[in-house]
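Undergrad: What follows is a predicted structure for the sequence shown.
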Amino acid sequence: MTNKELARHFGVSPTAFSLIVNHKPGVSDETRERISAELERMGYGHLLKKENVKEQNSNLCFVVFKRHGQILDLHPFFLLLMENLEQRARMHGYNMLFTTIDLRLPLNEQIKYLNSMDVKGAVIFATEMHAEDIECFREFQRPYIVLDNDFMSLPVNAVSINNQMGTYQAVEYLVRLGHREIGYLKSISRISSFDEREKGYREALQSFGLELKPEYIFQVCYFEEGSHQDFRQILQKKAKLPTAFVTDDDTIAVGVMKALQEQGYRIPEDISIVGYNDRPTCSVTEPPLTSVNVSRYSFAAEAIDMLVGIVKNEERAKEKLRTKKLRVETKLYVRGSAGRPAGSNPE
């Protein structure tokens, strides 16, 4: 029987049959094992290319680093990335494994386990990492890149978000709507991305000739219920409010919107809010939340492409080539939570 006839016999496409006999990813383990066993039984075992079996274990690893869990334990953005990372890895012929490194647990055993994994390299999700945490991976024996942290002062390959671009886009949009009193909702829990977003807000105000008013910067908890309760207390103190807010994250924006609406504020008629990250919840709030979008596909694709390039040129990498740092651009998704300030005249 020809390969095409065998594929028909097993009820799979010729492409899937080729992936099985060549030990390439793209079909389920159950189907692969069933057809491989049947080929051996039928006397077609010679079609299974034994010399390529090693390639079946061409794996990459997604490592989520947790320093304190204040961000990742509450709203694990990395879960939204995993499917895109896996899809891109498969395009390059790699499987994607997953593990965590938690600084709150004994570190040596975790690195030892990571080294024991059959992987060619790793993408380290570095949202909560500080610069000194890179030392944790000194003993890691595979090439790696970091994702969602720039580590500007360190020679580390990195893919991160252009965070300052995002808050600039948010402020620019509000200015075009007519806002001149623009505040900032700032997370009490700090990571490098939040610091960059706040810097982008400050620089945007300056570029548009707007005064930075410290009293319009409010610190609240990162998660929805925490920011909701914190902002309720702020409102009870009769704090003076701007006509619009930009934020560190959608999670904060959602909680603050709830607190404002409970006190009779209309959004966006009385106050406008722009979130950051364009989480799925943005489309189900009332009104839907305008937010800065980071393309998860682009974010994941750039990370995998960079890592695969390093893995495939590992010998050259040992020559101390310069590291690369890439920033993924953002885009503002306009919805119903931002509008013209009360009393303004349409252009």
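TA: In hand now; what should we look at? What you see is a predicted model; the values in this text were computed from it and never measured. Numbering: from 1, shown residues only.
Undergrad: Walking through the stretch 151-300 of the chain, point out its helices one by one.
TA: Along the stretch 151-300 of the chain, counting by DSSP state H, counting those that start in this stretch, helices occupy 163-177, 192-207, 224-236, 250-262, 296-312.
Undergrad: Of all those helices, which one is nearest Thr323?
TA: Counting by C-beta to C-beta, Thr323 lies closest to helix 296-312 out of the helices of the stretch 151-300 of the chain; the figure is 9.5 Å. From N, CA and C alone the C-beta is placed, and that goes for glycine too.
Undergrad: For that closest one, what is the distance to the chain centroid?
TA: Distance of helix 296-312 from the chain centroid (C-alpha atoms, centre = their mean, to the nearest Å) equals 13 Å.
Undergrad: Out of the helices of the stretch 151-300 of the chain, which gets nearest to Tyr184?
TA: Nearest to Tyr184 among these is helix 192-207; the distance by C-beta to C-beta comes to 5.2 Å.
Undergrad: for the closest one, which positions count as buried?
TA: Buried positions in helix 192-207, judged by neighbour count with 16 or more other C-beta atoms under 10 Å: Ser192, Ser193, Phe194, Glu196, Arg197, Glu198, Gly200, Tyr201, Arg202, Ala204, Leu205.
Undergrad: could I have it exported to PDB, CA atoms only?
TA: Output of helix 192-207 as PDB, limited to C-alpha atoms (Å, rounded to 0.1, in the frame of the first residue of the first chain):
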ATOM      1  CA  SER A 192       8.300  47.600  35.800                       C
ATOM      2  CA  SER A 193       5.400  47.800  33.300                       C
ATOM      3  CA  PHE A 194       3.400  49.900  35.700                       C
ATOM      4  CA  ASP A 195       6.400  52.300  36.300                       C
ATOM      5  CA  GLU A 196       6.800  52.700  32.500                       C
ATOM      6  CA  ARG A 197       3.100  53.300  32.000                       C
ATOM      7  CA  GLU A 198       3.100  56.000  34.700                       C
ATOM      8  CA  LYS A 199       6.200  57.600  33.100                       C
ATOM      9  CA  GLY A 200       4.300  57.600  29.700                       C
ATOM     10  CA  TYR A 201       1.400  59.400  31.400                       C
ATOM     11  CA  ARG A 202       3.600  62.100  32.900                       C
ATOM     12  CA  GLU A 203       5.500  62.600  29.600                       C
ATOM     13  CA  ALA A 204       2.300  62.700  27.600                       C
ATOM     14  CA  LEU A 205       0.900  65.500  29.900                       C
ATOM     15  CA  GLN A 206       4.000  67.500  29.400                       C
ATOM     16  CA  SER A 207       4.000  67.000  25.600                       C
END
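Undergrad: Show me what it is packed up against.
TA: For helix 192-207, the helices and strands in contact under the criterion 3 or more C-beta pairs under 8 Å, 6 or more residues apart in numbering; DSSP states H and E are helix 163-177, strand 182-187.
Undergrad: Output the helices of the stretch 151-300 of the chain in a markdown table; the columns should cover mean pLDDT and distance to His23.
TA: Output for the helices of the stretch 151-300 of the chain, formatted as a markdown table (pLDDT from 0 to 100; distance: least, C-beta to C-beta, whole Å):
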| stretch | mean pLDDT | distance to His23 |
| --- | --- | --- |
| helix 163-177 | 98 | 42 |
| helix 192-207 | 96 | 40 |
| helix 224-236 | 96 | 46 |
| helix 250-262 | 97 | 43 |
| helix 296-312 | 91 | 18 |
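Undergrad: my guess is Cys61 meets Ala122, correct?
TA: Yes - Cys61 is in contact with Ala122 according to C-beta atoms under 8 Å; the separation is 4.4 Å.
Undergrad: Could you pull out the residues contacting both of the two?
TA: The overlap between the contact sets of Cys61 and Ala122 (C-beta atoms under 8 Å, 6 or more residues apart in numbering) consists of Leu114.
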